[in-house]
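J.: Here's my sequence, what's the structure:
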Amino acid sequence: MTKPIYLDHAATTPVDPEVISAMLPYFAEEYGNPSSVHMWGQRAQHAVKSGREKIAAVLNCSADEIIFTACGSESDNLAIRGAALTARESGRGSHIVVSAMEHPAVLNTARSLRDQDGFELTELGVDEHGMTSTDDLSNALRSDTVLVSIMYANNEIGVIAPIAELAKAAHDQGAIFHTDAVQAGSQLPLDIEALGVDMLSLGAHKFYGPKGVGVLYARSGTALQPTQTGGNQEAGRRAGTHNVPLIVGMAAALEITEERRNRDGTRMEALRDRLIKRILELVPDSRLTGHRTERLPNNASFVFANIDGNELLMHLDLAGITASSGSACKTGSPEPSTVTRSLRLSQRWELGSLRLSLGRYTASDDIDYTISMLPDIIKRMRAENG
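T.: Reported below is the predicted structural model:
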């Protein structure tokens with residue numbers, strides 16, 4: 001190994017060089033405020049408008065259905081709080097349904113609405129693969145259900161949900177359907193009409209764009225109470241001066257990702273499958289987490305019996321392999337993540353999680369090196385810990 005191996009693309013991705021080039025002029029040369037009426041402002045506004053149209057083209061929606069935010073978490077917050085509060089004010093109800101495996105940006109927001117705002121909340125369990133059942137959702141829906149939020153692909157174990165079926169079940173009961181597609185954005189199709197969702201969240205840094213910018217798609221007619229107030233940006237749905245360079249970069253990154261999606265996915269899936277096969281063969285007491293086939297092309301996630309996942313990360317880091325024990329929002333915690341708990345693993349398994357997530361620049365040699373190192377590291381750890 002001559003350089004560190006980065007297998008934590010689910011946490012964040014490197015910014016594509018073409019994206020950096022697209023952003024640069026808007027840091028120094030085209031620095032106008034898009035809300036200003038003079039020529040500097042109008043040029044900046046044109047860049048924002050162009051970025052909105054490019055993103056809408058990838059999502060197969062109208063440009064005015066795109067809301068710019070600061071990140072995927074903010075998009076989730078605006079979707080959940082904004083839609084739920086508006087629906088309750090209109091007298092439609094106050095019941096929310098989410099999956100128990102949601103990202104904290106969704107799960108904690110829904111729990112906040114329950115604990116602080118008096119909403120009723122149902123958290124759907126999952127099967128042993130982390131899959132949400134359409135039947136379970138249908139059984140949980142009520143006449144006063146106003147919002148359902150189930151993630152497109154899980155950020156820790158990579159399982160892909162049947163979003164179109166789940167959205168239809170929600171719509172049959174008259175509920176709004178939101179999906180957190182932050183983890184899916186770099187690898188799965190984002191056609192809104194095919195997915196059938198009312199709202200969808202994205203974060204640019206997951207698909208080779210800059211950190212600090214995101215998108216919420218909100219279908220026309222979906223009423224949202226703003227969670228950030230001030231000026232009239234984003235048609236009054238999200239106040240704050242537009243971050244022009246990052247919006248430009250996000251649009252460029254999404255276009256590039258869409259163009260490369262099929263070939264990158266095919267290559268990563270082959271590397272992922274080799275990694276999964278060899279690790280399960282070479283490491284005793286190891287399990288794959290998530291569904292074997294209905295998973296993101298770049299995600300290989302495991303649990304190892306009698307292993308501390310955070311200690312494993314340190315050993316891997318010393319060996320030059322960067323990985324995660326789950327969500328980047330959870331890493332460092334000595335407790336199992338919400339996702340791991342949802343899989344109902346026994347105590348000897350639940351702390352030993354490892355997520356290896358590949359990217360468009362991951363090489364075959366990187367996988368070979370990881371396969372050569374990981375089994376020996378785990379063997380040494382188990383020997384040291386008795």
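J.: Show me which positions of the lowest-mean-pLDDT helix or strand in the chain end up buried.
T.: The weakest-scoring helix or strand in the chain, judged by mean pLDDT, DSSP states H and E, is helix 338-342 (a mean of 79). Across helix 338-342, burial judged by 16 or more other Cβ atoms under 10 Å covers 338-340, 342. (Glycine included, C-beta is placed from N, CA and C.)
J.: which one of those is nearest Asp285?
T.: Thr340 (16.0 Å; Cβ to Cβ).
J.: Tell me which stretches of this protein form strands.
T.: 5-6, 66-69, 95-99, 120-124, 145-149, 176-180, 199-203, 214-218, 286-288, 299-304, 321-322, 353-357 (DSSP state E).
J.: can you put the ones you listed in TSV and add mean pLDDT, mean neighbour count and distance to Thr13?
T.: Output for the strands of the chain, formatted as TSV (pLDDT from 0 to 100; neighbours: other Cβ atoms under 10 Å; distance: least, Cβ to Cβ, whole Å):
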stretch	mean pLDDT	mean neighbour count	distance to Thr13
strand 5-6	98	20	9
strand 66-69	98	24	18
strand 95-99	98	26	24
strand 120-124	97	18	29
strand 145-149	98	26	24
strand 176-180	98	29	17
strand 199-203	98	29	10
strand 214-218	98	27	14
strand 286-288	96	18	23
strand 299-304	96	26	13
strand 321-322	97	18	13
strand 353-357	96	27	9
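J.: nearest to Glu269, of the ones you listed?
T.: So among the strands of the chain, strand 299-304 is nearest, using Cβ to Cβ, at 9.9 Å.
J.: roughly how far is that closest one from the heart of the chain?
T.: Relative to its chain's centre, strand 299-304 lies at 17 Å (Cα atoms, centre = their mean, to the nearest Å).
J.: Okay, angle between that strand and strand 353-357 too, please.
T.: If you take axes from the mean of the first three to the mean of the last three Cα atoms, to 10 degrees, strand 299-304 sits at 160 degrees to strand 353-357.
J.: contacting residues around strand 299-304?
T.: By Cβ atoms under 8 Å, 6 or more residues apart in numbering, the residues outside strand 299-304 that reach it are 10, 156-158, 272, 275-276, 279-280, 283, 285-290, 312, 340, 345, 349-350, 352-358, 378.
J.: Recalculate using a threshold of 6 Å.
T.: 157-158, 272, 275-276, 286-287, 289-290, 349, 352-357, 378 (Cβ atoms under 6 Å, 6 or more residues apart in numbering).
J.: How about stretch 78-89?
T.: 94, 96, 109-110, 113, 146-147, 176, 178, 199, 216, 223-225, 227.
J.: Can you tell me which of those is nearest Ser186?
T.: Using Cβ to Cβ, the contacts of stretch 78-89 come closest to Ser186 at Leu216, 17.5 Å.
J.: which one is that closest one nearest to, not counting chain neighbours?
T.: Ser75 (3.9 Å; Cβ to Cβ, 6 or more residues apart in numbering).
J.: go on, Gly209?
T.: Ala253 (3.2 Å).
J.: got the contact list for that neighbour?
T.: 16, 19, 204, 207-209.
J.: Any idea how many residues pack against the residue nearest to His129 when sequence neighbours are not counted?
T.: Among residues not flanking His129 along the chain, His291 sits closest, at 4.2 Å (Cβ to Cβ, 6+ apart). As a burial measure, His291 scores 18 neighbours (other Cβ atoms under 10 Å).
J.: Just confirm His291 contacts Val159, I think it does.
T.: Yes. Using Cβ atoms under 6 Å, His291 is in contact with Val159, at 4.9 Å.
J.: contacting residues for Ala252?
T.: Ala252 is in contact with 19, 22, counting by Cβ under 6 Å, 6+ apart.
J.: how much space between it and Val215?
T.: From Ala252 across to Val215, the span is 13 Å (Cβ to Cβ, to the nearest Å).
J.: Also Ser90?
T.: The spacing between Ser90 and Val215, counted by Cβ to Cβ, is 25 Å.
J.: Kindly report the same for Leu280.
T.: 37 Å.
J.: Check Ala83 too.
T.: From Ala83 to Val215 the distance is 16 Å (Cβ to Cβ).
J.: before we move on, what about Leu24?
T.: Leu24 is 21 Å from Val215, by Cβ to Cβ.
J.: Need the nearest residue in space to Asp134, chain neighbours excluded.
T.: Slight slip there: residue 134 is Thr, not Asp. Nearest residue to Thr134, sequence neighbours excluded (Cβ to Cβ, 6+ apart): Glu165, at 4.8 Å.
J.: I'd guessed the one you found sits against Asp136; true?
T.: No. Taking contacts as Cβ under 6 Å, Glu165 lies outside contact range of Asp136: 11.8 Å.
J.: Which of the two has more residues huddled nearby?
T.: Regarding Glu165 and Asp136, a neighbour count based on other Cβ under 10 Å identifies Asp136 as having more, with 18 against 15.
J.: need the contact list for the more buried one.
T.: So Asp136 contacts Leu124 (Cβ under 6 Å, 6+ apart).
J.: Ok, Thr289 next?
T.: With the criterion set at Cβ under 6 Å, 6+ apart, Thr289 makes contact with 157, 301, 303.
J.: could you redo the last one with a cut-off of 10 Å?
T.: Thr289 makes contacts with 128-130, 154, 156-159, 295, 299-303, 326, 339-340, 343, 345, 349, 353-355, as judged by Cβ atoms under 10 Å, 6 or more residues apart in numbering.
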